[in-house]
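# After the sequence you'll find the predicted model.
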Amino acid sequence: MGNLLEIKDLTYRKNQKTILNNVNLTLGPGKIVALLGENGAGKTTLMRIIDSMAKNYHGTVMVAGEDNEVERKKHISFTDNLSGFSENTKVEQISKFYEVIYQDFDVNEFEQLRGFMKIDSEIRLSEMSKGMREKLVIALTFSRKVDLYLLDEPFSGIDAMARKKIINSIILWKAKESTILVSDHFVNEISSMLDEVVIIRDHTVYEHLSADDIRAKNQSIEEYYEGLYQEEEE
Amino acid sequence: MSNLLEIENLTYRKNLKVILKDINLNLKHGKIVALLGENGAGKTTLMRIIAGINKNFRGMVAIDGVQSVADRKRVISFSDSLSGFKESTKVAKIINFYEYLYDDFDKNKFKQLQKFMRLNENLRLSEMSKGMREKLIIALTFSRQAELYLLDEPFSGIDAMARKKIISSIILWKADEATILISDHFVNEIASMLDEVVVVKDKTIYCHKSTEEIRENNQSIEEFYENIYGEGDE
Amino acid sequence: MSLFNCCFTELFKLKTKKLNTLMLFQILTSMAITFFSLYKFENNHFIRNTYVNDFNFITNWMTSFFFLVLAFGFIAVCLIAIFAQRVNRSQTWRLIPMSSTNLYLDNTLSSFVSIVYLGILDVIGLLLLFGMSVLTDSRFKKNVITGFSSPSNAMSQLFNERAFKIWGSILLLILITLFVFFVVDFLNFSSRAILEFLPTTSGQAFLRVIFIIVIVVACWVAFSANNFLASLIAFPIDFVFSSVLGIFGGYREYNDRYVNFGISLIIMLVFDIFLLIANTLIFNYFFEAREKK
Amino acid sequence: MFGRLFATLFTRKIKKANYVLLVQLIAAIAITVLSFTTSGHVYFGRQDLGVFPSFFMFVLFFSFIAALALYCITCNENEAINVNQSLRLLPISDSKYYLDNIFTSIATLAYFACIEAIGIGISFLLAFQFDGTFHSEVMTSYEKSSFVFNVEDFIVVIQSLILLVLFCLLFYLMLSFLNFSSQAIISFLPGSIKNKSLLGFIRVFLVFILIWALVKGIQALTPIFDAPFAVFFQSTSSNDLLEPISIFICFDLLFIAINLFLFNQYIEPKEKK
């Protein structure tokens, strides 16, 4: 199978400001890729463009060889903050909604993940803390069997133990040949599971290399990432 | 010098569910204390009770022996999510609001912090990403000469470099005898600056230790925290 | 079942849940109005004041319920239009693997069908009340019987010239409801799309200008129904009110301002179709879901 | 601190009042211009009106709508401020906070009324100066009415104004009471059944209780008292108004006390998500 994700000279402007400027990126199947960058570098926008949430960009975005918006959405599972549901919907109602709407939603996978995250299905969104809500979002995202998982800062509110357990077992939840693109600020936490690293800087892809190259130069990914910003500090 | 913060047999119930049960906690002046616990353990509720926002709790909460809500609020600086401001408000207007209404707000301290965080003053809240917004909140919180600083998961959206810089220089921003109570899920990140650790588990204070004690039996704070939950899980 | 249908049923369920609570409020308010109008509070217990009319409670309840149908209908249309905007704007719905056009059509269709659902609920409510009042109120029963039996009475004209007006007004009612949905959508989409292009500093001022323009246009239409363009929008609403109210007496004969009914029907249809196309285009290419904060 | 919070809230609400006034002015001008350009005349009562008199009519007519709109906005604003975390963090006791909130709304209404009065006055003078027919009409009607100014009427006008202010205050307080009590009840119910329709039922239930309490109160306080509003409109002597004013003062104080207690005990600002 060819490349899963191909982005060719993508530019995106909003409110007279360029947010992304000729971005070129290709991701192979079966990889876990980290998307790193400073606040406001455009990571979220890039993910929204891949999942055709953001529109009127210039350039081409192909997912599993498909360019059309609907086909792309079929192959992608994006972490959504459940803003479409009213605050007093129950977790059970949300999972029923996903089951009806998404054919590739696997119910007993969701039950298993829900048990793993210790989320009670009777609880309502308004009664959940930020961390619990993020655990639910991760469970819903991985209950869909797709080629590309997009995780946008999925762990920020989750407590330390749960986060470690999730990171260690994330590989089991995805099919062998599907890819995860995760954007997060806590590099050392997720570095253990990474295959490739993509760094967004100055509105474009600054670096795209495999984690083993970095480790070959016996640098931890975190040191490498901070090194990039070091020269700029002085 | 007596305790800065005294909490005696505090119980808090909401919707017929007990959230906090007979909490007893005393914090001294000039300490940096971490408040750790799982998602939904009640950390945020405890902070809101200390800050005088959450009401009808049973028990006693006093700052320097004073219980009245107005006096407590005068000496406490709580990291407010700025949800009270319209999304279109400019940062400059928020600064004027704080300067006008808080006597202990120090404008040039804020200017200093603003330069440190590279915050642009005429940005609007809607234009700021989550990380930028959290940097602004931290700058505003520490621009007040308060006795007790309450930080509720202040770093979740800030990128790695900025977070390291903030953590390393937080001590400089507070007066010597002021105390910081910080609740965060990234224990190893903040471990370096902590004096005491408070763990909230099963709706009450599980343990309250100083970091020297933990380090004496050569455990890192993260290991200590994890094996509290270790026995619980197996 | 195709994705389009599942999405439709989900949206329909959400909207009907909202309308059920609205219907409950309608029943409660109509009951309260009848109660407070019929009974007076004197030396601390309620006694029935007779000067209102001598029909029993249920018949009065039916009339107040009927008058509330139009008022609550309008509230329902606004409620559903605002809820539809939330769906258009929410990332959860936009993530569903279907084209934006289908999502927009689904959303608008389910809004319209939910209003029809409310209409059906109203009709059922009215029939129930009508039945109950005929059974319990002998005086009302006499009126109804005389009404239906004598051919010369207004009721029997139901199937000639008057009928054309009633079917015409129902058709216009449908077009007006769609028109309201499309206008609300168009305002939301176009202002959001233009906001994307403006430098962010002037975003807030722009929204205020739009708001003022909308108010001025609305007042202008309401105030000057006598000039041609405004009357095309004002006329159908006028027409519906007069013909519907006309059935129960006080039928207002239309004099010189009787613009040909057909023209305004076609104009309304053209407005609806034009807005539908414009909305679908903007929704497809310029309207993005809200970013998660 | 009380004064500074008062100033902050007052400037925030004044902005809203100015915005409503601006919209009203623009709408009046636009309507007058549009109706003269399209159909050439404004039809009112029996005869056509000139440009300025019709502008005066529109301003007068819109002032009532604008007043109602501003009142709803201020009600909404009150409840939003009560649960606004950034403001609730300010070092001021909750009782003072709530009083600040309510009195700034009343002050905004007063400000709005003054500006409205000035606006109507100006448009009246404009019409009076620049339109002959309007001028003569006003003069004739002035001579006909034996309008003689005496102190008694002036007191009655002042008293009816006070009554109006007390009524606005009472409605604010009742609305807050409705919100606070339903919030307090909700916080006692088990979390699982806390949903929108339940909130609706409680509100409706509380409205009935409110009306019943009001009716009971009026009955208990003054047996001879039947309808304060009837007195309000065709009052003859000033002591007629003293009764309703005293009743409204009692109710206002009663509701202020209840609201302060509820606000201090149960009302918490919204959680940050």
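Perfect, thanks for sending it. Numbers count the residues shown, from 1 in each chain, chains lettered A, B, ... in the order given.
# all helices for the chain, in order.
Since no chain was named, I'll use chain A. Secondary structure of chain A (DSSP state H): helices at A:43-50, A:69-75, A:91-101, A:107-117, A:130-142, A:160-173, A:187-190, A:211-216, A:221-233.
# was after chain C, sorry
For chain C, the helices defined by DSSP H occupy C:3-38, C:57-89, C:91-94, C:100-136, C:138-149, C:161-197, C:203-223, C:228-246, C:261-285.
# I'd like to know which of these has the weakest mean confidence.
Looking at the helices of chain C, the lowest mean pLDDT belongs to helix C:228-246 (a mean of 55).
# give me every residue that touches D:Met1.
Listed by C-beta atoms under 8 Å, 6 or more residues apart in numbering or on different chains, the contact partners of D:Met1 are B:Leu101, D:Leu90, D:Pro91, D:Ile92, D:Lys96. (Each C-beta comes from the backbone N, C-alpha and C, glycine too.)
# if you set the cut-off to 7 Å instead, what comes out?
Neighbour list for D:Met1: D:Pro91, D:Ile92 [criterion: C-beta atoms under 7 Å, 6 or more residues apart in numbering or on different chains].
# Any figure for the gap between it and D:Tyr172?
According to C-beta to C-beta, to the nearest Å, D:Met1 stands 22 Å off from D:Tyr172.
# now do B:Ile32
Relative to D:Tyr172, and taking C-beta to C-beta, B:Ile32 is found at 45 Å.
# What of A:Arg215?
From A:Arg215 across to D:Tyr172, the span is 66 Å (C-beta to C-beta).
# Also C:Ile266?
Using C-beta to C-beta, we find C:Ile266 at a distance of 50 Å from D:Tyr172.
# Kindly report the same for D:Ile267.
According to C-beta to C-beta, D:Ile267 and D:Tyr172 sit 15 Å apart.
# Same check on B:Leu16?
Here B:Leu16 is placed at a distance of 31 Å from D:Tyr172 (C-beta to C-beta).
# Neighbour count for the two, which is higher?
More crowded of B:Leu16 and D:Tyr172, by other C-beta atoms under 10 Å in any protein chain shown: D:Tyr172, with 24 against 11.
# Could you report the pLDDT at the closest residue to that one other than its chain neighbours?
Closest residue to D:Tyr172 apart from its sequence neighbours, by C-beta to C-beta, 6 or more residues apart in numbering or on different chains: D:Ile102 at 5.7 Å. According to the prediction, D:Ile102 has pLDDT 92.
# Next, count neighbours for D:Ile102.
For D:Ile102, the count of nearby residues is 21 (other C-beta under 10 Å).
# Can you identify each of the strands in the stretch 1-150 of chain D by residue range?
Assigned by DSSP state E, counting those that start in this stretch, the stretch 1-150 of chain D shows strands spanning D:42-44, D:47-49.
# Comparing these, which yields the minimum mean pLDDT?
Among the strands of the stretch 1-150 of chain D, strand D:42-44 carries the lowest mean pLDDT, at a mean of 60.
# wait, A:Glu92 sits on A:Ile123?
No. Counting by C-beta atoms under 7 Å, A:Glu92 stays clear of A:Ile123, with 9.2 Å between them.
# Comparing the two, which shows the higher neighbour count?
A:Ile123 (17 against 13).
# any idea what sits nearest the more buried one, other than its immediate chain neighbours?
In space, and not counting its chain neighbours, A:Ile123 is closest to A:Val91: 5.8 Å by C-beta to C-beta, 6+ apart.
# do the same with B:Glu196
Distances taken as C-beta to C-beta, 6+ apart place B:Val33 nearest to B:Glu196, at 4.4 Å, with adjacent residues excluded.
# Could you do B:Met132 as well?
Leaving out its chain neighbours, the residue that sits closest to B:Met132 by C-beta to C-beta, 6+ apart is A:Asn39, at 5.3 Å.
# Over to D:Phe62?
That would be D:Gln24: by C-beta to C-beta, 6+ apart, it lies 4.8 Å from D:Phe62.
# just A:Arg144 next, same as before
Excluding the flanking residues, the one nearest A:Arg144 by C-beta to C-beta, 6+ apart is A:Ser77, at 4.3 Å.
# hmm, back to that, what pairs with whichever strand or helix holds the residue nearest to B:Glu196, and is each one parallel or antiparallel?
For B:Val33, the host element (DSSP states H and E) is strand B:32-37. Neighbouring strands of strand B:32-37 in its sheet, by DSSP bridges, are strand B:179-183 (parallel), strand B:196-201 (parallel).
# Distance from the chain centre to whatever helix or strand comes next after that strand, please.
Remark: after strand B:32-37, the chain's next helix or strand is helix B:43-50, criterion DSSP H and E. Distance of helix B:43-50 from the chain centroid (C-alpha atoms, centre = their mean, to the nearest Å) equals 9 Å.
# is chain D contacted by the helix or strand following helix B:43-50?
Using DSSP H and E, the next helix or strand after helix B:43-50 towards the C-terminus is strand B:58-63. No. Under the criterion of C-beta under 7 Å from any C-beta of the partner chain, chain D is not reached by strand B:58-63; the shortest gap measures 11.5 Å.
# What is the distance between strand B:58-63 and the centre of its chain?
Taking C-alpha atoms, centre = their mean, the mean C-alpha location of strand B:58-63 is offset from the chain mean by 18 Å.
# Output the contacting helices and strands for the next helix or strand after that strand.
Using DSSP H and E, the next helix or strand after strand B:58-63 towards the C-terminus is helix B:69-75. On a contact count with 3 or more C-beta pairs under 7 Å, 6 or more residues apart in numbering or on different chains; DSSP states H and E, helix B:69-75 meets no helix or strand.
# do that again at 8 Å, thanks
Other elements packing on helix B:69-75 under the criterion 3 or more C-beta pairs under 8 Å, 6 or more residues apart in numbering or on different chains; DSSP states H and E are strand B:58-63.
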